[in-house]
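Chemist: Fold the stuff below for me.
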Amino acid sequence: MASALAASSEPAVMLVIVAIIGGIALAVALTQASRRKAVLRTAARRFDGKVTTAWLSDSELELSVDGCDAHLTYTPGSRNRSPLTRIRFQAPLPHRLRVVPEGLWETLKKAFGSEDLQVGDPGFDAEFAIQGAPSAWVRKMLDEPTRRRILRLSELGAGFWTVNSVTLEAGPTGVMISAPRDLLREASTLGTFIGESIALFRRLREGDAPGIEFLPHPEGDRKGLCPVCEHPFAGPVRTCEACATPHHAECWRYFGGCTTYACERRGGS
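Modeler: Have a look, this model is predicted:
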């Protein structure tokens, strides 16, 4: 009799345990969702945006950057979905740029003829696959400050269980920056992601603005005269990343930058 009662009570006990575990999981999920909404609201106040929530979907952040609409979306991650934080700027660009982490897929695409541009930074070139056109514009956009921003975004929110990674895509459909991590855990982390992304977006738009066009110097120009000291080149040469004008490395440091008029790297001011 006692064994029969014990056997009949086992399913009830299991149901209670399952209900308790489910209740705890639901409470944790609701707490995390509430925290993420609070982080989004903090970002909305900082960047003058608006939090929107649709039925049966995660909240989003709507922004306006220099008159262009931008949307930040995220996926916290689950058993069947990887975490993702993404911001998209709805401003088409006439040129194309794609910066993605190096990996097997990118290696295979290069093996079948997809070009991987180099910017002359060994560490950056090794970490990212770069594609786009025109190539001169791509290299101009990926100057040292831009590369530092991309690396900072790649490291943002990464830890022991998550690798450094970020993707930048720009072209006729706009500008999109994606990090395969949940960056809504901390308001400071999300704020940095949005701020750095806006800076990258502005850099790309600035690079497409009409203005002075710098024609690349042929390699033979290195045999000419330094524009600072007007002496032939000998020893280390510093070539401007923006307009490709060569200088003596010491003259570049002395002048404080490029000597070309209207170049964004111009020094001496």
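Chemist: Every contact and neighbour count from this point should use C-alpha atoms.
Modeler: Fine.
Chemist: Name the next helix or strand downstream of the lowest-mean-pLDDT helix or strand in the chain, please.
Modeler: One helix or strand of the chain scores below all others by mean pLDDT, DSSP states H and E: helix 104-111, with a mean of 58. Proceeding N to C from helix 104-111, the next assigned helix or strand is helix 122-127, under DSSP states H and E.
Chemist: in that next one, what's buried?
Modeler: 124, 125, 127 (16 or more other CA atoms under 10 Å).
Chemist: Read off the pLDDT value for the last one.
Modeler: At residue 127, the predicted lDDT confidence score is 91.
Chemist: Then the first one?
Modeler: According to the per-residue confidence, residue 124 scores 94 in pLDDT.
Chemist: What sits closest to it if chain neighbours are left out?
Modeler: Among residues not flanking residue 124 along the chain, residue 147 sits closest, at 7.4 Å (CA to CA, 6 or more residues apart in numbering).
Chemist: CA atoms only for the helix or strand hosting that neighbour, dumped as CSV, please.
Modeler: According to DSSP H and E, residue 147 maps onto helix 144-155. Taking Å, rounded to 0.1, in the frame of the first residue of the first chain, the C-alpha atoms of helix 144-155 are listed here in CSV:
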residue,chain,number,x,y,z
GLU,A,144,44.2,54.5,-39.0
PRO,A,145,41.4,56.2,-36.9
THR,A,146,38.7,54.1,-38.7
ARG,A,147,40.7,50.9,-38.2
ARG,A,148,41.0,51.7,-34.5
ARG,A,149,37.2,52.1,-34.3
ILE,A,150,36.5,48.8,-36.0
LEU,A,151,38.9,47.0,-33.7
ARG,A,152,37.3,48.7,-30.7
LEU,A,153,33.9,47.5,-31.8
SER,A,154,35.3,44.0,-32.5
GLU,A,155,36.5,43.8,-28.9
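Chemist: packing partners for that helix?
Modeler: Contacts defined by 3 or more CA pairs under 8 Å, 6 or more residues apart in numbering; DSSP states H and E place helix 144-155 against helix 187-208.
Chemist: The helix it packs on packs against which elements?
Modeler: helix 2-46, strand 84-89, helix 135-141, helix 144-155.
Chemist: Give me the buried positions along stretch 73-84.
Modeler: 74, 75, 76, 84.
Chemist: residues making contact with that stretch?
Modeler: Contacts to stretch 73-84, defined as CA atoms under 8 Å, 6 or more residues apart in numbering, come from residues 58, 59, 60, 61, 85, 86, 87, 178, 179, 180, 181, 182.
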